[in-house]
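Asker: have a look at this prediction, sequence included:
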Amino acid sequence: VQLQAFGGGLVQPGDSLTLSCAASGFNRDYYAIGWFRQAPGKEREGVYFISTGDGSRWEADSVKGRFTMSRDNARNTVSLHMNNLKPEDTAVYYCTADYPFPRVVNGRGTYWGQGTQVTVSS
C-alpha cells in the first residue's frame, strides 16, 4: 500500500488550501483514510478522517466548520479542503489509512504517506 500526499504550501491567514492523498495497493474495497498533523514542538493531532465504506467521518474540534474531506473513487484519492486557515493550522500534514475506522482515527493505522508542509503566515 502506498499513500502519496501533495498540495501543501505557504498561504496567508484566511486563505484556502487543498491537500490530496492518492492511495494505491489496498486489497480491500473499504478502509478508513484521513489526516494527522504535527506542528513543531507539539504532539501529533488527528485532523479529519472518513470511511470509504459507510461514510463515517471524524473531525477535530479545531477544524470544524473550516475543513472538509472529499473522495474521488475513480482515482482512489481523497482531498482535505481547508478554508479560513489560521496560523495555528501550520504543521506537517500526514495522510494515513488502514482498517477499521477507529484504528486510523487513533493513530494506529499501518500506512502513512510522506508529510506535506502547510504554513499559514502573513
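Answerer: Ah, there it is.
Asker: does residue 93 really touch residue 34, like I thought?
Answerer: No - using Cβ atoms under 8 Å, residue 93 makes no contact with residue 34, being 10.4 Å away. Backbone N, C-alpha and C define where each C-beta goes, glycine included.
Asker: got any residues that touch both of the two?
Answerer: Counting by Cβ atoms under 8 Å, 6 or more residues apart in numbering, the residues touching both residue 93 and residue 34 are residue 47.
Asker: mind telling me what element the spatially most central residue of the chain is part of?
Answerer: In the chain, the centroid-proximal residue (Cα atoms, centre = their mean) is residue 35; its distance is 2.4 Å. If you go by DSSP states H and E, residue 35 is part of strand 32-38.
Asker: can you list contacts of stretch 69-84?
Answerer: With contacts defined as Cβ under 8 Å, 6+ apart, stretch 69-84 is touched by 7, 14, 16-24, 26, 33-35, 47-50, 52, 57, 63, 66-68, 89, 93, 95, 118.
Asker: for the residues you listed, which ChimeraX command selects only the ones that are buried?
Answerer: Buried residues among the contacts of stretch 69-84 (16 or more other Cβ atoms under 10 Å), as a ChimeraX selection:
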select :17,19,20,21,22,23,26,33,34,35,47,48,49,50,52,63,67,68,89,93,95,118
